[in-house]
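Peer 1: build me a model from this:
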Amino acid sequence: MFKFNKFENLRNDELSLIIKKTTPENQQKGYVPAYLFSIIEHRSNKEVGFIDIRIGYNKGLYYGGHIGYTVYEEHRGNNYALKACRIIKHVAKHHDMEKLYVTCSPNNIASRRTCEKLGLKLLEIADLPKDNDMYLEGHRQKCIFLWEL
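Peer 2: Below is the predicted model of the structure:
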């Protein structure tokens, strides 16, 4: 049975990740357990964005990805998403995950650049299946990156 961890020391010299919320698995919807973290910048002690990680594997995660992040507009340009991803990989390793899929829309240049800076391998630019939630929301393609841990 899956057990959430408290992760009280996810940090580097500049940022900390603080759990904001956990979401249990929902087998009916095909959702795996997930953590949502605030990204806190140490100098100002302000939330500069958030990052989430989904734990486990299923078909939907190939397109949706294991990690999602948002850096608030006024804090962009500081590589906070990159730095937060480097920290959050410890959550995946704690849960014995060996690889992560990170996805973004092809026109999201900032996210693509983050994946490239992390050294992730671009597997493909995939057409979303018509029954995928993101397709139903109007998205048509995703860049699929692989992060081998």
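Peer 1: ok, and for the lengthiest helix in the chain, which residues are buried?
Peer 2: Assignment by DSSP state H gives helix 80-94 as the longest helix of the chain. Within helix 80-94, the residues that qualify as buried are 80-85, 87-89, 91-92, counting by 16 or more other CB atoms under 10 Å. Yep, even glycine has a C-beta here, placed from its N, CA and C like the rest.
Peer 1: quick one, strands of the protein?
Peer 2: For the chain, the strands defined by DSSP state E occupy 10-11, 15-23, 34-41, 46-54, 67-71, 99-104, 121-127, 141-148.
Peer 1: how long is stretch 1-15 end to end?
Peer 2: Start-to-end span of stretch 1-15 (CA to CA, to the nearest Å) is 31 Å.
Peer 1: how far is it from where the chain is centred?
Peer 2: 14 Å (CA atoms, centre = their mean, to the nearest Å).
Peer 1: show the average pLDDT along the longest helix of the chain.
Peer 2: The pLDDT scores in helix 80-94 average 98.
Peer 1: which other residues reach that helix?
Peer 2: If you take CB atoms under 8 Å, 6 or more residues apart in numbering as the criterion, helix 80-94 is touched by 5, 7, 10-12, 14-15, 17, 35, 37, 39, 41, 48-49, 51, 53, 55, 66-67, 69, 71, 100, 102, 110-111, 114, 117-118, 147, 149.
Peer 1: what do you get for stretch 115-130?
Peer 2: Contacts for stretch 115-130 (CB under 8 Å, 6+ apart): 62-63, 79, 82, 85-86, 102, 104, 106, 134-135, 139-148.
Peer 1: surely residue 7 is in contact with residue 17?
Peer 2: Yes. Counting by CB atoms under 8 Å, residue 7 touches residue 17, with 7.3 Å between them.
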